[in-house]
Structures are given as C-alpha cells and as structure tokens.
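Asks: Predicted structure and sequence below. I'll ask about it afterward.
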Amino acid sequence: MLLSIPDVLTVEQVRHCRAVLDAADWIDGRATAGYQGSKVKDNLQLPEHSPASRELGELILGALERNPLFISAALPAQVYPPLFNRYDGGKNFGDHIDNAVRLIPATGNKIRIDVSATLFLADPDEYEGGELLIEDTYGVHSAKLPAGHMIVYPATSLHRVTPVTRGMRLASFFWIQSMIRNEGQRTLLFDMDTAIQRLNQTGADERALVQLTGSYHNLLRMWAEM
Ligand code: NI
C-alpha cells in the first residue's frame, strides 16, 4: 500500500538535518543507481559513508523505531541506512523500479527491498516540481509532503521524480526488508492492526478483542520471516 506517515521528524529535527545538509558536500546520485537507473537518474546525493550521512541516518532510524504507524505498515526486518538526495536546476529522476537486493556496505549483509520510503526534508512551497509519482494498478499517485513527513510504497512500483524547476528539494530515501514479503499479506495485516487499534480506543468487547488480536499475531507468526 501507499501510505503517508506524518511527523516522522519534529520541526527541530528537520531544522538540524537542513543545517547539516547545507554544510555537506554532494556527489552525483548515480553512485548508488543500477545500470537501468543510472540512465534516467539526474540528482545529487550525500556520499554514503560521509559523517553527515551517518549522523542523520542514525537520527532517522531512531525516529522510525518510535513510529508505530511505520512499524505497523512496513513490519520491518531490516532498514537500509538512510541516504540523502537533492534536486535543483531542473534535476529529476525518470521512470524506474528500485533494485530488488542491496548490499549494506557497513555489514556486508544483503537486504531484500520490499518497501521504498521517501522522507521529505523541504516543504512543498520551497520548490516547484519535484513530485514523486508512483504507479500502481489504480493509476498514478503524486506525493509532495511537508518536511518531516514520509511516504512508503511497495518497492515493486514504477516511480519517478519530476524536474525541480525552482528552489531545492531535499529528502532522505531508503528501503526496508519487511518480515512480510508478500505485499497483499502485509496490507492485510496493516488493515487488521488499524482496525484493532480503533476497537481498542472505542471500548469494544474485551473477549472479542483478545481473540482478534491473537489472530493478528498468529497470522504474523505464520508468515513472518526474519
Ligand atoms: Ni527509486
């Protein structure tokens, strides 16, 4: 599913990220693109191992661990260390699908990419263009969220970033290996968890809630891979 997650970072955290990114050195974004991606990718990135990238990456990973909506939607097994990109002066990223498998450089572990995430670090009125367009069987969806908000979507989706014709678009992007590989099963669990939380808040029958919550966990147990 395609899901917006508000307020992943606080205003202060966004401000800190922006200060670090303003002072950082940027490189050609093709550094992390595959063969197909490098033909359509035209943006700038922070070098993966730079101190700025690591520091902000840790900050974001910490925020994700405390975000119940992200955990419920992605059911993460592993999160790729966050990367950072910048689009200005007409830069864009054409149609592509993210790689299926990536090596986490620091550990040498491979991660299967099930879910893709973009965390916006500039507000929509700071730049023209720069929409993230994501295609699924229901059509094309456009995302351009306030700074600190994040969009997660299935890594199987075709997507692109339209040219930034004014100002500067800053974002963090990264990928998640989910405990639930199958997108349909992951969506079902998310819907079920959302309903259980609502029932909890509205004082539903206790015994039914225990059964339903148990069924959620038993489905998770049946399907989860670490
Ligand atoms: Ni992509």
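Replies: Alright, I've got the coordinates.

Asks: Who are the contact partners of the residue most central in space within the chain?
Replies: Nearest to the geometric centre of the chain sits A117, at 1.4 Å (C-alpha atoms, centre = their mean). Counting by C-beta atoms under 8 Å, 6 or more residues apart in numbering, A117 makes contact with 74, 150-153, 173-176. Every C-beta, even on glycine, is put in place using the N, C-alpha and C of the backbone.

Asks: please redo it, this time with the cut-off set to 10 Å
Replies: The neighbours of A117, taking C-beta atoms under 10 Å, 6 or more residues apart in numbering as the test, are 3, 5, 8, 60, 64, 70, 73-74, 76, 79-80, 82, 150-153, 155, 171-176.

Asks: ok, so what distance separates it from M222?
Replies: According to C-beta to C-beta, to the nearest Å, A117 stands 26 Å off from M222.

Asks: ditto for V115
Replies: From V115 across to M222, the span is 20 Å (C-beta to C-beta).

Asks: domain assignment for this protein?
Replies: For the chain, automatic domain parsing gives the domain ranges 3-178, 183-223.

Asks: returning to that earlier point: just to be sure, the residue nearest to the centre of the chain is in a strand?
Replies: Yes - under DSSP: H, G, I helix; E, B strand; the rest coil, A117 sits within a strand.

Asks: follow-up on the earlier one: identify those among the contacts of A117 that sit within helices.
Replies: 60, 64, 70, 73-74 (DSSP state H).

Asks: Can you tell me which of those lies closest to D22?
Replies: Distances from D22 to the ones in helices among the contacts of A117, taken as C-beta to C-beta, are shortest for I60 (17.3 Å).

Asks: need the contact list for the nearest residue to the closest one once chain neighbours are set aside.
Replies: Spatially, and ignoring its direct neighbours in sequence, I60 is nearest to P82 (4.6 Å; C-beta to C-beta, 6 or more residues apart in numbering). P82 makes contacts with 46, 48, 53-54, 56-61, 64, 117, 119, 171-175, as judged by C-beta under 10 Å, 6+ apart.

Asks: again, but for P124
Replies: With C-beta under 10 Å, 6+ apart, P124 has these contacts: 130-131, 144-147, 167, 169.

Asks: Could you tell me how far it is located from R54?
Replies: In terms of C-beta to C-beta, P124 sits 28 Å off from R54.

Asks: since we're on A74, how many residues are nearby?
Replies: Using other C-beta atoms under 10 Å, the number of residues around A74 comes to 24.

Asks: ditto for P76
Replies: 18.

Asks: higher neighbour count, V115 and M222?
Replies: V115 (26 against 8).

Asks: That one against W175, yeah?
Replies: Yes - using C-beta atoms under 10 Å, V115 is in contact with W175, at 6.8 Å.

Asks: Spit out the residues that contact the two alike.
Replies: What both V115 and W175 touch, as defined by C-beta under 10 Å, 6+ apart, is the set 79, 98, 155.
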